[in-house]
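Enquirer: Predicted model and sequence below, questions to follow.
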Amino acid sequence: MPPVDYVVLAVILFVIGGVGVLVRRNAIVIFMCIELMLNACNLAFVAFASMHGNLDGQVIAFFVMVVAAAEVVVGLAILMAVYRARRSASVDDANLLKY
Amino acid sequence: MTHVLASGTNTDVIARETIFWILAVASVGAALAMILVRRAVHCAIMLAVVMLCLATFYAMQGAPFLAFVQIIVYTGAVLMLFLFVLMLIGISSSDSIVETIKGQRLAAGLVAIGLLVLLALGIGHAAIGPASPQTAANGTDNLSGIATLIFTTYVFPFEVTGALLITAAVGAMVLAHRERPTPRPTQRELAARRLASGHLAPDPSPGVYALHDAADRPALLPDGSTSDRSVSTVLSQRGVTDAPQFVPPEETVEITAEGERASLPSGAEGRAD
């Protein structure tokens, strides 16, 4: 398969993840959609690496994975702290700073 | 696909294309299902499907190391973390259907179309060429090539990544840590509390005459009444407790069928009315 097919697939997955971030209410699901967007970027990185015939894109994708893992750990810890304080994981309920 | 046909055998190409299209449809479908299903657990399962499909794509594109890292780190660790937090927050947590902001879904759809057009234009303008063969400068295989790159060109980002991971681990521990609002009661305080409560002995065990789960049946006292203290307060608050129903075993009924039924315990008889 040519790399452009993978890039098109990555674009589709990225847009789906973006829609999920915009539409969903549950903070965990929003997090999962962000993971989907990061994965789509990784797919594009790997496709570009195979297009150029070197491994830099794969190394960048590897770093993206590591940063995503760190982000998930901290994000889920924040989410649990919010849940303990407000007994809800919905982003609509975290409105203390509104108005 | 002429470039691929030139480089590989025909069946190889057909197999690759078949796998690509099957998994592409599966991953897009799973991603769509992920943003459409209401339960968060189902979202996690769908995300696992997408990630496994992506791992196969990595393997097909000559990145076996990334494929394994994808499976081990993402589906193995990150998704399990998601599921752990889901269990903590509530497995049945689901989104509400109602729109809290008016016209939000329409706006999200417009933004999605705009993003899609923008990215499609960008990709259409970019010259994405065919896959070029891996050069010999990358090492003998994928793994040693990536290792060489990480420990030579990208060694500083690699070290920074280590610092980031340590910071994230410490930060998660700090955020998830919870101080007790009151100090933990000592054994002496617990003993004094028990003496003051007036019930020195442990609570009676639940009913032994129960037919099925004895934990929700209160114990039968000698005078025929039931003891509320024998059932967990959680169960009695939920209202699942039931009065004990004494049903004589089959053999007892057969033996006493022709005789008088006075052999039943008087307590159970008194409870029946």
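Expert: Nice, I can see it.

Enquirer: Could you confirm whether the top helix by length along chain A reaches chain B?
Expert: The longest helix of chain A (DSSP state H) is helix A:56-86. Yes: with CB under 8 Å from any CB of the partner chain as the criterion, chain B is reached by helix A:56-86 at A:56, A:58-59, A:61-63, A:65-74, A:76-81, A:83-84. Just so you know, the C-beta spots here come from the backbone N, C-alpha and C atoms, and that holds for glycine as well.

Enquirer: residues from the stretch 151-273 of chain B in reach of chain A?
Expert: Counting by CB under 8 Å from any CB, the stretch 151-273 of chain B sits next to chain A at B:153-154, B:157-158, B:161, B:164-165, B:167-169, B:171-173, B:175-176, B:178.

Enquirer: how many neighbours does B:Gly103 have?
Expert: 9 (other CB atoms under 10 Å in any protein chain shown).

Enquirer: So what's the residue count around B:Thr226?
Expert: Neighbour number of B:Thr226 under other CB under 10 Å is 19.

Enquirer: Oops, could you answer that again for A:Val29 instead?
Expert: Here the count is done by other CB under 10 Å, and A:Val29 has 30 residues near it.

Enquirer: and what of the one 3 residues further on?
Expert: Other residues within reach of A:Met32 by the criterion other CB under 10 Å amount to 28.

Enquirer: Nearest residue to it in space, please, no chain neighbours.
Expert: B:Leu47 (5.0 Å; CB to CB, 6 or more residues apart in numbering or on different chains).

Enquirer: Quickly find the element holding the one you found.
Expert: Per DSSP states H and E, B:Leu47 falls inside helix B:40-60.

Enquirer: angle of that helix against helix A:56-86?
Expert: 170 degrees (axes from the mean of the first three to the mean of the last three CA atoms, to 10 degrees).

Enquirer: May I see the buried residues of helix B:40-60?
Expert: Under the neighbour-count criterion of 16 or more other CB atoms under 10 Å in any protein chain shown, helix B:40-60 has B:40-41, B:43-44, B:46-60 buried.

Enquirer: And that helix, how far out from the chain middle?
Expert: 15 Å (CA atoms, centre = their mean, to the nearest Å).

Enquirer: Give me the next element, helix or strand, following it.
Expert: helix B:64-69.

Enquirer: who touches that following helix?
Expert: If you take CB atoms under 8 Å, 6 or more residues apart in numbering or on different chains as the criterion, helix B:64-69 is touched by A:42, A:46, A:58, A:61-62, A:65, B:55-56, B:58-59, B:142-143, B:146.

Enquirer: residue ranges for the helices of chain B, please.
Expert: Going by DSSP H, chain B shows helices at B:2-7, B:10-36, B:40-60, B:64-69, B:79-89, B:104-125, B:142-151, B:155-176, B:187-197, B:233-238, B:250-255, B:266-272.

Enquirer: Secondary structure class of A:Asn95, three-state.
Expert: coil (DSSP: H, G, I helix; E, B strand; the rest coil).

Enquirer: Please give me every residue in contact with A:Ala70.
Expert: A:Ala70 touches B:Leu164, B:Leu165, B:Thr167, B:Ala168, counting by CB under 8 Å, 6+ apart.

Enquirer: Out of those, give me the one that has the most neighbours.
Expert: Neighbour-wise, the contacts of A:Ala70 (other CB under 10 Å) top out at B:Ala168, 20 neighbours.

Enquirer: Okay, that one and B:Thr186: tell me how far apart.
Expert: B:Ala168 is 37 Å from B:Thr186, where distance means CB to CB, to the nearest Å.

Enquirer: if we can go back for a sec, ok, which pair from the contacts of A:Ala70 is furthest apart?
Expert: B:Leu165 and B:Thr167 (7.3 Å; CB to CB).

Enquirer: Check whether B:Ile128 really touches A:Pro3, as I assumed.
Expert: Yes: between B:Ile128 and A:Pro3 there is a contact at 5.7 Å, judged by CB atoms under 8 Å.

Enquirer: and the gap between A:Val66 and B:Leu32?
Expert: For A:Val66, the distance to B:Leu32 - CB to CB - is 28 Å.

Enquirer: before we move on, what about A:Gly57?
Expert: 27 Å.

Enquirer: Who are the packing partners of the strand or helix carrying A:Met32?
Expert: A:Met32 belongs to helix A:27-52 when elements are defined using DSSP H and E. Helices and strands touching helix A:27-52, by 3 or more CB pairs under 8 Å, 6 or more residues apart in numbering or on different chains; DSSP states H and E, are helix A:3-23, helix A:56-86, helix B:10-36, helix B:40-60, helix B:79-89.

Enquirer: mind putting those in a markdown table, distance to A:Leu36 and mean pLDDT included?
Expert: Shown next, in a markdown table, are these (distance: least, CB to CB, whole Å; pLDDT from 0 to 100):
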| stretch | distance to A:Leu36 | mean pLDDT |
| --- | --- | --- |
| helix A:3-23 | 4 | 92 |
| helix A:56-86 | 11 | 91 |
| helix B:10-36 | 6 | 91 |
| helix B:40-60 | 6 | 93 |
| helix B:79-89 | 12 | 89 |
